[in-house]
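S.K.: sequence and predicted structure below; questions after.
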Amino acid sequence: MGYQDLKAKRIKAPQRKRGGGAPSGQTMSQALADGIFQINTSVSTFQGLVNMLGTPKDTPDLRERLHKTGAYITDLVKDTSEKLKQASEADHRTQVHASKKIADAKYAKDFCAGLKQFQKAQRLAVEREPAYAPPISSSLLFCWHSLQKWFLKY
């Protein structure tokens with residue numbers, strides 16, 4: 001799952017397993033790496049959509065994609081956060097090799113960096129969305145003027 005899948009709107013929100021562990025066939029480390037990769041890739045897409053706000057490409061469809069991408073990232077963040085929590089608890093409960101603890105700490109650091117980028121892009125989106133309203137299409141404007149003329153007649 002990568003950028004192209006998200007761009008093509010084929011990625012669905014991550015499904016949580018009962019018990020919250022890693023998906024079958026995946027180690028917890030692989031699941032964390034995958035989740036962080038998906039977050040970073042999706043945040044890049046989100047930032048690109050935010051950058052289109054206020055340009056000629058700013059349409060209701062763009063805003064819908066922006067909101068869907070934001071919701072998808074939020075789901076990824078929740079899922080990956082839960083996995084990080086489980087990995088941290090496992091590191092504290094059992095005898096774990098130091099390299100696993102270091103790897104888990106790196107995942108936590110990378111997760112926080114991706115989350116900060118997402119929050120920064122969200123703040124920018126909140127600033128830009130109300131400031132730039134998408135232009136009304138000419139056909140909608142024509143329809144509105146036709147209705148006004150019709151109402152003025154009667």
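M.R.: The structure has been received and is ready for your questions. Predicted model, so just to flag it, every value in this text is computed and none were measured.
S.K.: pLDDT on the helix or strand residue 116 falls within, on average?
M.R.: Assigned by DSSP states H and E, residue 116 belongs to helix 98-131. Taken as a whole, helix 98-131 has a mean pLDDT of 90.
S.K.: how about stretch 37-57?
M.R.: 95.
S.K.: output that stretch as CSV - backbone C-alpha positions only.
M.R.: This file holds the C-alpha atoms of stretch 37-57, laid out as CSV (Å, rounded to 0.1, in the frame of the first residue of the first chain):
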residue,chain,number,x,y,z
PHE,A,37,5.2,4.5,6.4
GLN,A,38,1.5,4.8,5.6
ILE,A,39,1.2,7.7,7.9
ASN,A,40,4.1,9.5,6.3
THR,A,41,2.9,8.8,2.8
SER,A,42,-0.6,9.9,3.5
VAL,A,43,0.6,13.1,5.3
SER,A,44,2.6,14.0,2.1
THR,A,45,-0.6,13.6,0.1
PHE,A,46,-2.6,15.6,2.7
GLN,A,47,0.0,18.4,2.5
GLY,A,48,-0.3,18.4,-1.3
LEU,A,49,-4.0,18.8,-1.1
VAL,A,50,-3.7,21.6,1.5
ASN,A,51,-1.3,23.4,-0.9
MET,A,52,-4.0,23.4,-3.6
LEU,A,53,-6.5,25.3,-1.3
GLY,A,54,-7.0,28.8,-2.7
THR,A,55,-5.7,27.9,-6.2
PRO,A,56,-7.8,27.2,-9.4
LYS,A,57,-7.7,23.5,-8.4
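S.K.: list the buried residues of it.
M.R.: Neighbour counts over stretch 37-57 (16 or more other Cβ atoms under 10 Å) mark 37-43, 45-47, 49-50, 52-53 as buried. In this view, the C-beta of every residue, glycine as well, is placed from N, C-alpha and C.
S.K.: now do stretch 103-123
M.R.: So stretch 103-123, judged by 16+ other Cβ under 10 Å, has buried residues 103, 104, 107, 108, 110, 111, 114, 115, 117, 118, 121, 122.
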